[in-house]
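Student: Here is a sequence with its predicted model. Questions after.
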Amino acid sequence: MHYKQLKPFPKDFLWGASTSAYQVEGAFDEDGKGLSIQDLHTPPQGITDFKVASDHYHKMKEDVQLMADLGLKAYRFSISWSRVLPNGEGQINPKGIQFYNDLLNELLAHGIEPIVTMYHFDLPLELYKKGGWTSRSTVQAFEEYAKILFENYGDRVRYWLTINEQNCMIIHPNAMNPGKVPSQKELYQQNHHMFLASAKAVTLCHEMYPESKIGPAPNITAIYAEKCDPSDVIAAEDWENIRCWLYLDMAVHGRYNSFVWSYLKEKGWTPVIEEGDMELLKNAKADFIGVNYYATATVAASKNDGTDRQARSGDQQIMVGEEGVYRAAINPYLEKTEFGWLVDSIGLRVTLRRIYDRYHLPLLITENGLGAYDELSDDGHVHDQYRIDYLERHFHQAQLAMADGVDLIGYCPWAFIDLVSTHQGYKKRYGFVYVDRDEEDLKELKRIKKDSYFWYKYFIKQ
Ligand code: BG6
């Protein structure tokens, strides 16, 4: 639908930006931090690991000053579980507690609302060695960790996110399970344990800080059918249920999505559910939904002939399609980034509407952005007009979604500052702030404001 005139974004809209601990902090083994599974990551030649990243741990004050100068209203970051609890449980690391205390105080002193993710892909290594999410004891460890976070930071954090992209950890499990890729049956058991862990955190938060808001941060995307062939439409619905609604139906309603439950039964992948689990899940309802959105996906009916599963855009780490369920299709209407990711700004509007229609909870965009090969020009600047165009188009679609009735409370593009991509190193940059380092040469890690930084500053001000 077209509107004659769009309402401006509300004054209290949370214009922010995002990062995650292991991708930005560095200091991977300093000041008592324990290792996480991400510290085991041994990338191929020519791609950096996460040891130094953007050195935010040492440059935190400078980085917050840059956020303040930009005019950010909110900053979404994650806490490194193994910085706070080096073994994932037991002994607390006071210097880890201190770092996030300092960060929170610095943000609040500059009027920036902290939006805190409790766990963003960096499971403590010691817990992993004991079975990680396959073991039910990790649920207990997460509850203990959550309690420590609420006790130490609950007085200053109004927005909590439990687990980042739980759905991606199940769909693309390699990086989260170093040394061994679990079976699907084991993955859905991990998934059930993560549901329980989130529910415990939500329950605790509601008990300890009833005024605060807590929710999940899955990667949600509308799934399009390739054609109006009803078989494609069913495949698209099935994949949307498996990829998206399984996670949000649980977070919002505390129940397994009925189609996905049938799918799990058919495949023999149903998790072990113990007495009391479903009651815990039912009583731990999210207050808002964090949405990580990059692009939609388009699917066709499965051929079920052994060819449904393929690498996405040649990236062997991201396999798409599932035998007997769906196959990936090409969407001829969409462009791709330099890294082969689809760009679909209208898809953001579609996705927000679908989520809001289903759940009627406030939505907060916790990630969305463009990964590109940014270059420092001879004039000392980074001219990332392509990122400005990308964000401008997505912001406009968010505004349209709000006009359509979606209760959107904030937008945190990925990322505030350049950081290490999950598996494509430092050359894939997302930030408003350029960090002068490359894959192997750390140089001085100097911060340089990109053109998009000035554009975003002006946009927020307006
Ligand atoms: C999201 C993750 O899926 O996508 C981030 O939450 C990640 O951690 C972002 O960095 C972009 O993906 P990538 O692979 O380009 O780093």
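Tutor: Alright, I've got the coordinates. From a predicted model like this one, the values you see are computed outputs, not experimental measurements. Numbering: from 1, shown residues only.
Student: remind me which residues of the protein are low pLDDT?
Tutor: For the chain, applying pLDDT under 70 flags the ranges 314.
Student: Show me what from it comes close to the ligand.
Tutor: 20, 23, 164-165, 168, 219, 292, 367, 371, 414, 421-424, 428 (Cβ under 6 Å from any ligand atom). All C-beta atoms are positioned from the backbone trio N, CA, C, and that covers glycine.
Student: change it to 5 Å
Tutor: For the chain, the residues in contact with the ligand (Cβ under 5 Å from any ligand atom) are 165, 371, 421-422.
Student: outside of stretch 66-73, which residues touch it?
Tutor: For stretch 66-73, the surrounding residues in contact (Cβ atoms under 8 Å, 6 or more residues apart in numbering) are 13-17, 75, 107, 110-113, 410, 416-417, 432-433, 447, 449, 453, 456-457, 460-461.
Student: Pull out the buried residues from those.
Tutor: With neighbours counted by 16 or more other Cβ atoms under 10 Å, the contacts of stretch 66-73 contain buried members at 13-17, 75, 107, 112-113, 410, 416-417, 432-433, 447, 449, 453, 456-457.
Student: Sitting in strands, which of those residues do you find?
Tutor: Judged by DSSP state E, the subset of those located in strands is 14-17, 75, 113, 410, 433, 447, 449.
Student: Would you point out the most distant pair within these?
Tutor: By the measure Cβ to Cβ, Gly410 and Arg447 form the most distant pair in these, at 24.0 Å.
Student: Would you mind measuring the gap between the ends of stretch 81-94?
Tutor: 13 Å (Cα to Cα, to the nearest Å).
Student: got it, and stretch 375-382?
Tutor: One end of stretch 375-382 sits 6 Å from the other (Cα to Cα).
Student: That one: which residues count as buried?
Tutor: Val382.
Student: ok, now stretch 164-179?
Tutor: By 16+ other Cβ under 10 Å, the buried positions in stretch 164-179 come out as 164-173, 175-178.
Student: Export it to PDB, keeping only CA atoms.
Tutor: Taking Å, rounded to 0.1, in the frame of the first residue of the first chain, the C-alpha atoms of stretch 164-179 are listed here in PDB:
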ATOM      1  CA  ASN A 164      21.700 -14.300  19.600                       C
ATOM      2  CA  GLU A 165      20.600 -16.200  16.500                       C
ATOM      3  CA  GLN A 166      19.800 -19.500  18.200                       C
ATOM      4  CA  ASN A 167      18.200 -20.500  14.900                       C
ATOM      5  CA  CYS A 168      21.500 -20.000  12.900                       C
ATOM      6  CA  MET A 169      23.400 -22.000  15.500                       C
ATOM      7  CA  ILE A 170      21.100 -24.900  14.700                       C
ATOM      8  CA  ILE A 171      20.900 -24.400  11.000                       C
ATOM      9  CA  HIS A 172      24.600 -23.700  10.500                       C
ATOM     10  CA  PRO A 173      26.200 -25.700  13.400                       C
ATOM     11  CA  ASN A 174      29.800 -26.000  12.200                       C
ATOM     12  CA  ALA A 175      31.400 -22.900  13.800                       C
ATOM     13  CA  MET A 176      29.500 -23.600  17.100                       C
ATOM     14  CA  ASN A 177      30.700 -27.200  17.400                       C
ATOM     15  CA  PRO A 178      34.500 -27.200  16.800                       C
ATOM     16  CA  GLY A 179      36.000 -30.500  16.000                       C
END
